[in-house]
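[1] from the sequence below, what's the structure:
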Amino acid sequence: MRLPPILGPVLVLAVLAAGCAQRPTAPVAKPAPPSTATTPDALPPGAAGKISAAQVGKLSPVPAFRGVGAGWRLQVQAVGDLGHDVVLQRGGRELHGSAVYRADAPPAGAIELDGTLDDGAPLRIRILRAPCTEADGRAHAHAVEVAIGPAAPLRGCGELAVY
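    Have a look, this model is predicted:
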């Protein structure tokens, strides 16, 4: 007995399909539950966006800062790694410059940025973690000192942005 020509390929496909459907599959490994233990370079739970040990000295802890004092305003914005853009409004003028985070041993509880204003004047910004109250009674989490050249530093209050 001879099969019709179309039936041969159909039987071959049916046999192949049946063989594929009956292959046993390997058991799927379940992922381990997340560990709460941390290594020195790992971020602990809930620390997203914070500086880890591997980032210290390579990434500024100042994403943005806004400061204000008698007759002046300060804006600091991180531009990558350790660098920042600085805008100081004082005496009706707007001074621009740049500053770099100093990772080398600033005083305890302080963050320091060193830089230069566009007119060439040296600039140092010291942000202190200390409660500060403006003359009008507004409270801030940080005190700030802005030194331009050899002149006495401007003193005021401000807020450090935390993302």
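[2] and residue 104, how many neighbours?
    By the measure other C-beta atoms under 10 Å, the count of residues near residue 104 is 7. The C-beta positions use only the backbone N, C-alpha and C, and glycine is treated the same way.
[3] pull the contacting residues for the closest residue to residue 102 other than its chain neighbours.
    The spatially closest residue to residue 102, leaving aside those adjacent along the chain, is residue 112, at 4.3 Å (C-beta to C-beta, 6 or more residues apart in numbering). By C-beta atoms under 8 Å, 6 or more residues apart in numbering, the contact set of residue 112 is 101-102, 106, 124-127.
[4] ok, residue 114 next?
    99-100, 102, 122-124.
[5] for stretch 137-157, what does the pLDDT average out to?
    Stretch 137-157 carries an average pLDDT of 95.
[6] what does stretch 120-130 give?
    So the average pLDDT for stretch 120-130 ends up being 94.
[7] so for it, what gets flagged as buried?
    121, 123-128 (16 or more other C-beta atoms under 10 Å).
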